[in-house]
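>>> Prediction below, plus the sequence it came from.
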Amino acid sequence: MLSIKNLHAKIENKEILRGIDLKVKPGEVHAIMGPNGSGKSTLASVLAGNEMFEVNEGSVEFNGKDILEMAPEDRAREGLFLSFQYPVEIPGVSMVNFLRTSLNELRKYKGEDPLSASEFLKLMREKKNLVEIDSDLTNRSVNEGFSGGEKKKNEIFQMAMLEPKLSILDETDSGLDIDALRVVANGVNKLKRPDNATVLITHYQRLLEYIVPDFVHVLYHGRIVKTGGKELAHELEANGYDWIKKEFGDK
Amino acid sequence: MENLIKNIIGKDISLVELFEENRSKIEEQSFSVLNDQREEAFDAFQELGIPSNKVESYKYTNLQPLFTGDFTFSLKPETLTENVEDIFSCDVDTLDSITIYMVNGWYYTRNNPGDLPQGVRIGSLARLAEEDPDFLARYYGSRAPHLSDGVVALNTMFAQDGFFVHVPEGVVVEKPIQIVNILMSEDALMTTQRNLVVMEDNSEARIMVCDHTLTTNKFVMNSVTEGFVGKEARLDFYNLQNQHNATTQVAGLYFEQHERSHLATNNLTLHAGVARNNIELKLAGEHAEGHAYGLYLLDKNQHVDNFSYIDHAVPECFSDELFKGVLDDHSTGSFTGKIMVRPDAQKTNAYQSNNNLLLTNDAKMNTRPQLEIYADDVKCSHGATVGQLDEDAMFYLRTRGINKEESTILLMYAFAYEVIEKIKVEPLREQIRALVEKRFRGELDKCHSCVVCGQKGTDLSCL
Amino acid sequence: MSTEQDKILEEVTKGEYKYGFYTDIEMDTLPKGLSEDVVREISKRKGEPEFMTEFRLEAYRNWLKMKTPEWAHLNIPEIDFQDIIYYAAPKSKPKLDSMDDVDPELKATFDKLGIPLEEQKQLAGVAVDAVMDSVSVKTTFKETLAEKGIIFCSISEAIREYPDLVKQYLGSVVPPNDNYFAALNSAVFSDGSFVYIPKGVRSPVELSTYFRINAMNTGQFERTLIVAEDDSYVSYLEGCTAPQRDENQLHAAIVEIVAMERAEVKYSTVQNWYPGDKNGKGGIYNFVTKRGLCKGDYSKISWTQVETGSAITWKYPSCVMMGDHSTGEFYSVALTNNHQQADTGTKMIHLGKNTKSLVVSKGISAGKSQNSYRGLVKVSKRAENARNFSQCDSLLLGDKCGAHTFPYLEINNNTAKVEHEATTSKIGEDQIFYCNQRGIDTEDAVGLIVNGYVKEVINKLPMEFAVEAQKLLEISLEGSVG
């Protein structure tokens, strides 16, 4: 589904990603862990198509298509979803209008008819229940005045609405209290299907108690330096990142 | 300063000469209240002339060339053979309003405002001067600066008609009052309109002034509105400007507010060639609340200059200003927001904000938020920004599959929404919302042809 | 406001000017008045080359055609330019080798002002070019600077010794016909400083000059020129205090700065000219043109000013950002009290690509004073990606003063991001009460709060200047706040 080969990316001449290789198949859950500044969020941004970063080497194939030349919206239409670490507030754009536009764009891309207002509202109700989002959040402007937890729940709600093939969750667990974390994790688990995949980007092992990964990768200095099963996460939790730094320190 | 109006009555003539030549005719047609101030205004105009950009308050809009050229000048009432309702239909069709029409600055003779609440008067200023001169004299010329502003002086020299609205004490006018200003002419035309709004104590009304052009020739519209909002009275005053690109409009709103009154003005410029809006609110009674809002959406070579002046003359008043603009193509915009806090106007709260989006590198914006403060126990702030759409918001929308164009429209709309939501008349708000969205989608603005504005195209839909 | 507070306010605001004394030194002066002959005579007495005489004469002829600017929010009494002495120099031009040779009375004056001209200053690492009424009296550290190739001397000396440099740069940033007062200065400037930092050199010390107006009825027309070559750095300090006097005195200075590629110039001013007495009598008229040109890519010019003096201040230190990626900064504290009037601010002109500017202005008005911020941010059509942020705050102390803000934003490029914010407020009674409750009296509380308010700007000053500036603010507010 996703195949990243030797991906290099930089911002203002500073190389952040220095050769990433990663393969994700349908039905899999991957966790990418690593210390702060290792390039985790950059990887998420580059995959989603943030123009702030410049890809100077490597390739990314998604559904067999090279997506590096695609606009962010086309990547989204292909089924790639990014749950932002810091979802931006957009005053004046209502959640309903925003989501409906988004959903119908995706449908159009797949050759489906746009949803009518009532169909859309019905779908929204269903998904709201699924991810346990408070109904009044959808009456407001996009993320405006939302608490940290509400913003993250809203990301998961959008994911439920858009039914992506690949979801990249960038530090979705950061700043969440235990209840919100459970809501977010339950949402992700409920949305899991054999034909979609999830990439969790996280600093802590905490989220992985709720969402069990098939693979755990350690990202350090812009490279994946270690890959293992879920036990690797426990090892990191127990020993911290220092041993990684020692073993793979500046080269 | 000579402003030559060519071909008026078939010959080259300056505005000063035009006045001298027609003065006796104008005075014969009008009544004394209006005539009494012509001399003063004429003296002032000879001194001031039409403001050029050398005049500090007109620094970003040089009116001189716009008031010069081939024009006829509207000196006597328009006689329309057809019914205005037949040639013009309002876009806000769901609106149940009290509607009157003005044609080239003159009160349309077949107007029928219908049944009005007790004591409410809506009508022609010329008739008011004839029928109730004492009432008019109490207000006329007391707010508009005809001695210091050349355009107001010109207006006062030639003033013969306009609309007036009078809401007596304690009366609430439920239906919005809609005043439709229509410009139509076979030749380039310069018009003068003088309006008066009197809201007595505890009264309440909403007034919408809609400006339209029905023919494609050049227009210069010089309109001055004086307004008085009595104790605890409430007035919402909307001015929707939807004129074609060969129109120059100088629209002055000069309001005085008394104790605990509440006034909101909203200048919505969706279309105009050159629009200069003077918005002056004098807060003259304690606890008065004044709001001035504005939205301008410009493209092609349009130019809009909003000049606001909020005068806190007494303590304990509140004012709030929000002006937002989106500038496309070669358009230019200007904003001046002057907040004056007079000595002893303690406990003043005054806020002001002007935000602008420049969509092309040929668009220009000049903004001057100004504070002049002579009292210490005040809270005043102003802010101004010129920039582009937020890149993070844009990226966020795009990762949700919304393409760049659509995201741009959404974000522009969101930008404008803050002003639109201030509109309290719901059908009007809905209509403006729709117009703005259409405008951002390019369905309204890019007239495919404007012969008038000189840009390429094939029809006159934008007119 | 309670009467108690009024009383304190009254007390605080009537603090008298502490630096009111003047030095009795024999002067060599020209008679009052201005004409082409006077301009020629000034040039002659200073032994200037022909090009300078011409420069002055052309400026004079321009000046004759110009008018006093009227747009400022100032009430400027008519100035009789024929009633001013345009040249005054201490009679014997001392060529001094050591401090011992300095006129003891002059030394005493500086000491009274607390200006450590002597060893203390050298220990502090500051070279001082003290300007006493127009003519440079003493320059220290010259040798140390000379080793690095840095030229730091009086402008008169520079005209004689480095005519090519002067010819190249003088008037290149502020043309002689720039404005009324600039033209006047260009015609009659008496003396000032010249700084030249060669390529790649970082000035090891902060260069500083103290200006004083001394002779009776002498207009002071300082002229400063700073040229920083590629990759150089200099921090320049200018401090002004003037003795008390009854007659109004005119001060029309020009400062020009040129920064080449990657050069950085910091220019700091503490201005405390005599503001007049509490009835508004006397005081300096301070009409200054200061402008820096960020000529090279990645260059940076930063102005910091603390303005507490002068009866009238008319001053807009500006930056023209011509080089790509260049930066302009303006940090200002302007305090007015009694009958003082200040109209000050900056112009940030963005011409190059990716240029940045920052404006932080803090106005404080007390007594019956009028304090205005006037600023222009201009982004030209070709200035891609220009960024500006301006913050202009006003603090009002008392209800007889005025605080005004007149920003102009002229944006001609759609990649620009320009933000302006301004607030006006007074010191909250709750803040004072809070301090009182913690045992701090009202005057100290006001001092504390004001210091907090201006901190952002004061922090930009070099350390010892910051201390001095803070002291000045306290003196100016002494008896001066409510």
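That came through fine.

>>> hmm, the strand or helix carrying B:N349 in reach of chain A?
Using DSSP states H and E, B:N349 falls within strand B:348-358. No: using Cβ under 8 Å from any Cβ of the partner chain, strand B:348-358 stays clear of chain A, coming no nearer than 11.7 Å. Bear in mind the C-beta positions are built from the backbone N, C-alpha and C, glycine included.

>>> For the residue in the stretch 151-300 of chain B that chain A sits nearest to, what is the enclosing helix or strand?
Across the stretch 151-300 of chain B, the shortest distance to chain A (Cβ to the nearest Cβ) belongs to B:L295, at 12.4 Å. B:L295 is located in strand B:289-298, with elements delineated by DSSP H and E.

>>> circling back: what are the pairing partners of the strand holding B:N349, and which direction each?
Strand partners for strand B:348-358, identified by DSSP bridges, are recorded as strand B:318-327 (parallel), strand B:378-387 (parallel).

>>> rank those by pLDDT, which is bottom?
For these, mean pLDDT drops lowest on strand B:378-387, to a mean of 89.

>>> Would you mark the buried spots in it?
B:378, B:380-387 (16 or more other Cβ atoms under 10 Å in any protein chain shown).

>>> Now for those residues: which two are most distant?
Across these, the longest distance by Cβ to Cβ is 28.8 Å; it joins B:V378 and B:G387.

>>> How are the helices of the chain distributed by residue range?
Just going to use chain A. Secondary structure of chain A, counting by DSSP state H: helices at A:40-48, A:72-77, A:95-109, A:117-131, A:148-162, A:178-191, A:230-239, A:242-248.

>>> hm, I was asking about chain B
Secondary structure of chain B (DSSP H): helices at B:15-29, B:32-35, B:38-48, B:84-87, B:125-131, B:133-139, B:150-158, B:391-399, B:404-420, B:426-440.

>>> try chain C
C:3-13, C:36-45, C:50-65, C:104-112, C:119-123, C:142-147, C:155-161, C:163-169, C:180-188, C:429-437, C:442-458, C:463-477.

>>> Show me which positions of the strand holding B:L295 end up buried.
Buried, per 16+ other Cβ under 10 Å, within strand B:289-298: B:289-298.

>>> hmm, that strand touching chain C?
No: shown here: strand B:289-298 not in contact with chain C (Cβ under 8 Å from any Cβ), separated by at least 12.8 Å.

>>> How about the stretch 101-250 of chain B: which residue is closest to chain C?
For the stretch 101-250 of chain B, Cβ to the nearest Cβ, closest residue to chain C: B:S148, 16.4 Å.

>>> same thing with the stretch 1-150 of chain B?
For the stretch 1-150 of chain B, Cβ to the nearest Cβ, closest residue to chain C: B:E56, 7.0 Å.

>>> which residues touch the residue of the stretch 201-350 of chain B found nearest chain A?
Using Cβ to the nearest Cβ, the closest approach of the stretch 201-350 of chain B to chain A is made by B:K324 at 10.5 Å. Shown in contact with B:K324 (Cβ atoms under 8 Å, 6 or more residues apart in numbering or on different chains): B:294-296, B:354-356, B:415-416, B:418-419.

>>> picking up where we left off before, which non-adjacent residue is nearest the residue of the stretch 1-150 of chain B closest to chain C?
The shortest distance from B:E56 to any non-neighbouring residue, by Cβ to Cβ, 6 or more residues apart in numbering or on different chains, is to C:W71 (7.0 Å).

>>> ok, how many other residues are close to that neighbour?
Other residues lying near C:W71 total 9 when counted by other Cβ atoms under 10 Å in any protein chain shown.

>>> and what of A:R140?
Close neighbours of A:R140, defined as other Cβ under 10 Å, add up to 16.

>>> Quick one: mean pLDDT over stretch B:41-49.
What stretch B:41-49 shows for mean pLDDT is 94.

>>> What residues of that stretch count as buried?
Residues of stretch B:41-49 classed as buried: B:41-42, B:44-45, B:48-49 (neighbour count, 16+ other Cβ under 10 Å).

>>> hey, C-alpha coordinates of stretch C:356-364 in PDB?
Taking only C-alpha atoms (Å, rounded to 0.1, in the frame of the first residue of the first chain), the coordinates of stretch C:356-364 have been written out as PDB:
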ATOM      1  CA  LYS C 356      12.300  42.200   7.900                       C
ATOM      2  CA  SER C 357      11.500  45.000  10.200                       C
ATOM      3  CA  LEU C 358      10.400  45.300  13.800                       C
ATOM      4  CA  VAL C 359       9.000  48.300  15.600                       C
ATOM      5  CA  VAL C 360       8.500  48.500  19.300                       C
ATOM      6  CA  SER C 361       7.500  51.900  20.600                       C
ATOM      7  CA  LYS C 362       6.500  52.800  24.100                       C
ATOM      8  CA  GLY C 363       5.200  56.300  24.700                       C
ATOM      9  CA  ILE C 364       4.700  57.700  28.200                       C
END
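
>>> Would you tell me whether it gets close to chain A?
No: using Cβ under 8 Å from any Cβ, stretch C:356-364 stays clear of chain A, with a minimum separation of 15.1 Å.

>>> Please compute how far that stretch lies from its chain's middle.
Remark: stretch C:356-364 is offset 15 Å from the chain centroid, using Cα atoms, centre = their mean, to the nearest Å.

>>> Ok, stretch B:333-343 next?
17 Å.

>>> Based on its surroundings, how many neighbours for the residue of the stretch 1-150 of chain B closest to chain C?
Using other Cβ under 10 Å, B:E56 has 10 other residues around it.

>>> go on, C:R40?
Neighbours of C:R40 using other Cβ under 10 Å come to 14.

>>> isn't it right up against C:L57?
Yes: with contacts counted by Cβ atoms under 8 Å, C:R40 reaches C:L57, the gap being 7.3 Å.

>>> where are the low-confidence patches of the chain?
Assuming you mean chain A. For chain A, applying pLDDT under 70 flags the ranges A:135, A:249-251.

>>> um, chain C though
C:1-28, C:88-143, C:209-219, C:239-248, C:435, C:439, C:464, C:478-482.

>>> Give me the most central residue, it.
Closest to where the C-alpha atoms of chain C average out (Cα atoms, centre = their mean) is C:T269, at 5.0 Å.

>>> Who is it paired with across the strands?
Note on C:T269: beta-bridge partners by DSSP bridges are C:E238, C:Q305.

>>> Please apply the same query to C:Y285.
Those that pair with C:Y285 in a beta bridge, by DSSP bridges, are C:L250, C:I312.
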